[in-house]
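>>> no sequence on this one, just coordinates:
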């Protein structure tokens, strides 16, 4: 079943991009700097002007505002983390659960986040801005998960992070995807990591999709391998 | 906001009329302005004199706030300083008005630079408050009884309007009109050449990117203080001229409302645009009388509504609006031409 | 000693009014980076509507609550109709819009309610039991009310979800949208609250300075100064600044310069403070990344 389907031209940056994310699957969007990956994600979540169709769980969402898209069940972890710097870790998480009605479930989810990321629990009363890069990324992801979303959208989660932390984060995300069958749309410059995580991938180049398929398919393709995987 | 008329036609393709438009407009304007005092009654000549004096004040404030980015909510204080200095010199020391004027100006220059020094430490809102405090404090000081011997206290000082020199056949109003016109032209030309020089570029750079400007070696402190001084100089001269024209200075003419009016003037006229001073001065002088005409008791409300409409319709001021209209005109011409 | 204490208490009472107004200013500033210059005039207009109701026979506390509700609605309406469309205009244009609002409310008050000075009732009864030379019942009442406002706001922001959402909007509006917060509604809420606080301040101060269209001008200047002295991005600073300014104003007025130059000297002192510590007492010195 099609979970998310996006196809549009955004005039200046994207020129007709078609991307699918299957229910419970992980789709990676790869590409060099400036290929339009972040713009693509921003367009999906309504942060930039866009034209075209976006289907989500059988409904069109391209006319909705960012807030309503979030309420529809798409959680976006922006590049640069987007944490509320002067608020505490706990407050950041509470904000993730802001729109949900079932407060008991929110409490349970918060406890679960602390299980996934024990470091956050240690720092729960600390101001988010004082956390390290890796911890902020964990916080950003947790906050997104607190929305109990149907689709998790990640924008360059590995950016600026040390390799060990990145691996830990990806490991946890794989676990979450497996446990909750949460669909994931991830944009990554680090193609190796992304391909290891995803079950479907596409490559963007200057605003157009130039290749799409399973990770194995992409790895087998020599030009793609040379250009994006470096070997 | 570009302050050059960035037309879409290259200069060589424009018809001669447009190419030298600014120069021609200026000549035309000056010619018209020179004929006007003979065509109108003294009252209107007087009003136009006040408009020109106000435009000098707005030039000063625009220099500081529009081009240099230092918000001043207290320029009424320098206006008052210039006016009172002029008045005191003329009445208490019998200095002829033409000599008193530069003294008033220099005094304001000095005080402006003096105020500019602590202003260096304040940014944005904080500077706005400090200047506002200045604007509020000065009228109170002027009313202070210990200074009454000099300032005339609440009653103020009356001046006499100067007669035309060399026995020219002009009424005092007409003579004053030309005097102020000449000064206004000088002030505008000086401001223009200042802004086109390296000093002007430094001033604008400080507004846009203060850190980069400092990193490039621009002495930010010096330029900011100088700009404050020059801006006060202009405003002080405008105050002195207005004092001569109105023949009267009193503390209640220089309340904080004046400072607000000046700020409104440069925003409505057009921030960081020289012609804005003229549009703004016209707005300042004529719109309040218009609103009073429309409704005696709710005049402030109508004025406020007019302000809001102006700001919505022309966020870059009247000057910005005029520039845009001109660009559309040249674009249309280009389309027809090509 | 007696007069000193008397002035001190009077200063604390007016200080409480400055503190609540300053707090409202900081609230709006944190959320929008705009300073609500028209706050005082709005407050004055609200006080006039309360006066109109009381004059028509409505019991004080009912008029009080009704005025709060009306002010809240007016504040939210202003945000939606006047401020929001200016979201992308140059900052000085927005300042002019505030000035325009200021003039409109000032003039409308005179137009609708007349420009004669009116007396405004104090709801705090001058009981025999509390009569003393140091403070009046009204002053204590004002102090209690303003402290209640301050603590009420603090609790709202610290302990409720709505307060948290408002804070989130102030810190990072884009991320707030990403968690589903309707930023526009939050801003309208903030403005409504600020207007309501202004109304309370106006109704507290009116019995002391008498009601007339220019009643709040001086008060607003002090509130503005208090917010800046405390640090425009620090709510606690705003409150402290308010009390400081209130006490300073009264003590200086009584002992140093007399009421003539009160405003001048108080403002001069504030400017000195700002020169010594440019971002205010509790403000954070902005470290700009180059």
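Perfect, thanks for sending it. The structure displayed is predicted, hence computed values, not measured ones.
>>> could you give the mean pLDDT of stretch B:54-70?
Model confidence over stretch B:54-70, given as mean pLDDT, is 93.
>>> swap that for stretch C:27-35, please
The average pLDDT within stretch C:27-35 is 84.
>>> what about residue 102, how many neighbours?
Chain wasn't specified; assuming chain A. Other residues near residue A:102 come to 11 when the count uses other Cβ atoms under 10 Å in any protein chain shown. (Each C-beta comes from the backbone N, C-alpha and C, glycine too.)
>>> Switch to chain B, please.
Applying the criterion other Cβ under 10 Å, we find 13 residues in the vicinity of residue B:102.
>>> now it: how far from chain C?
As defined by Cβ to the nearest Cβ, to the nearest Å, residue B:102 lies at a distance of 29 Å from chain C.
>>> Could you do residue B:246 as well?
From residue B:246 to chain C the distance is 24 Å (Cβ to the nearest Cβ).
>>> do the same with residue A:192
28 Å.
>>> Correct me if wrong: residue B:100 contacts residue B:82.
No - the criterion here is Cβ atoms under 8 Å, and residue B:100 misses it with residue B:82 at 10.1 Å.
>>> what touches both of the two?
Among the neighbours of residue B:100, those also in contact with residue B:82 (Cβ atoms under 8 Å, 6 or more residues apart in numbering or on different chains) are residue B:240.
>>> The two: who's more crowded?
More crowded of residue B:100 and residue B:82, by other Cβ under 10 Å: residue B:82, with 31 against 23.
>>> name the element that one belongs to?
Secondary structure assigned from DSSP states H and E places residue B:82 in helix B:75-92.
>>> low-confidence ranges in chain B?
Along chain B, the model assigns pLDDT under 70 to residues B:1-20, B:337-338.
>>> mind checking which helix or strand of chain A has the lowest mean pLDDT?
Among the helical and strand segments of chain A, the one scoring lowest on mean pLDDT, DSSP states H and E is strand A:2-9, with a mean of 57.
>>> how near is residue B:219 to residue B:118?
Here residue B:219 is placed at a distance of 17 Å from residue B:118 (Cβ to Cβ, to the nearest Å).
>>> er, residue B:332 I mean
51 Å.
>>> neighbour-wise, which of the two wins?
Set side by side, residue B:332 and residue B:118 show more neighbours around residue B:118, with 16 against 11, by other Cβ under 10 Å.
>>> quick one: buried residues of the host helix or strand of that one?
Of the helices and strands defined by DSSP H and E, residue B:118 is found in helix B:97-119. Of all the residues in helix B:97-119, those buried under the rule 16 or more other Cβ atoms under 10 Å in any protein chain shown are B:97, B:100-101, B:103-105, B:107-109, B:111-113, B:115-116, B:118-119.
>>> Stretch B:289-305 too?
So, applying 16+ other Cβ under 10 Å, buried residues of stretch B:289-305: B:291, B:298, B:299, B:300, B:301, B:302, B:303, B:304, B:305.
>>> I'd like a version of the residues you listed in JSON lines, one that adds secondary structure and distance to residue C:38 as further columns.
As requested, the buried residues of stretch B:289-305 are exported to JSON lines (DSSP: H, G, I helix; E, B strand; the rest coil; distance: Cβ to Cβ, whole Å):
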{"residue": "B:291", "secondary structure": "helix", "distance to residue C:38": "18"}
{"residue": "B:298", "secondary structure": "coil", "distance to residue C:38": "17"}
{"residue": "B:299", "secondary structure": "helix", "distance to residue C:38": "18"}
{"residue": "B:300", "secondary structure": "helix", "distance to residue C:38": "12"}
{"residue": "B:301", "secondary structure": "helix", "distance to residue C:38": "13"}
{"residue": "B:302", "secondary structure": "helix", "distance to residue C:38": "16"}
{"residue": "B:303", "secondary structure": "helix", "distance to residue C:38": "14"}
{"residue": "B:304", "secondary structure": "helix", "distance to residue C:38": "10"}
{"residue": "B:305", "secondary structure": "helix", "distance to residue C:38": "14"}
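>>> nearest to residue C:169, of those?
Sorting these by distance to residue C:169 puts residue B:304 at the head of the list, at 28.3 Å, by Cβ to Cβ.
>>> Could I get the contacting residues of the closest one?
The contact partners of residue B:304, by Cβ under 8 Å, 6+ apart, come to C:99, C:100, C:101, C:102, C:103, C:104, C:107.
>>> ok, now with 7 Å
Shown in contact with residue B:304 (Cβ atoms under 7 Å, 6 or more residues apart in numbering or on different chains): C:100, C:101, C:103, C:104.
>>> Relative to residue A:80, how far out is it?
Distance of residue B:304 to residue A:80, given as Cβ to Cβ: 41 Å.
>>> Excluding covalently adjacent residues, which one is nearest to whichever residue of the stretch 1-150 of chain C sits closest to chain B?
Among all residues of the stretch 1-150 of chain C, residue C:107 sits closest to chain B, at 2.8 Å; criterion: Cβ to the nearest Cβ. In this structure, residue C:107 finds its nearest non-sequential neighbour in residue B:300, 2.8 Å apart by Cβ to Cβ, 6 or more residues apart in numbering or on different chains.
>>> swap in residue C:141?
Ranked by Cβ to Cβ, 6+ apart and with sequence neighbours excluded, the top spatial neighbour of residue C:141 is residue C:124, at 3.3 Å.
>>> can you check residue B:171 too?
residue B:42 (6.0 Å).
>>> Now the residue nearest the centre of chain B: which helix or strand?
Using Cα atoms, centre = their mean, the residue of chain B that lies closest to the mean C-alpha position is residue B:58, 1.8 Å off. Residue B:58 belongs to helix B:42-61 when assigned by DSSP H and E.
>>> Quick one: distance of that helix to the chain centre.
9 Å (Cα atoms, centre = their mean, to the nearest Å).
>>> what angle separates it from helix B:97-119?
Computed with axes from the mean of the first three to the mean of the last three Cα atoms, to 10 degrees, the direction of helix B:42-61 lies at 30 degrees from that of helix B:97-119.
>>> neighbouring contacts of helix B:42-61?
When contacts are defined by Cβ under 7 Å, 6+ apart, helix B:42-61 is touched by residues B:36-37, B:72, B:75, B:79, B:171, B:173-174, B:176-177, B:180-181, B:184, B:187-188, B:191, B:231-235, B:237-238, B:241-242, B:245, B:262, B:265-266, B:269, B:277-278, B:280-282, B:284-285.
>>> of those, buried ones?
Members of the contacts of helix B:42-61 classed as buried by 16+ other Cβ under 10 Å are B:37, B:72, B:75, B:79, B:173-174, B:176-177, B:180-181, B:184, B:187-188, B:191, B:231-235, B:237-238, B:241-242, B:245, B:262, B:265-266, B:269, B:277-278, B:280-282, B:284-285.
>>> still on that earlier bit, how many residues are close by the residue of the stretch 1-150 of chain C closest to chain B?
Going by other Cβ under 10 Å, the residues that sit close to residue C:107 add up to 23.
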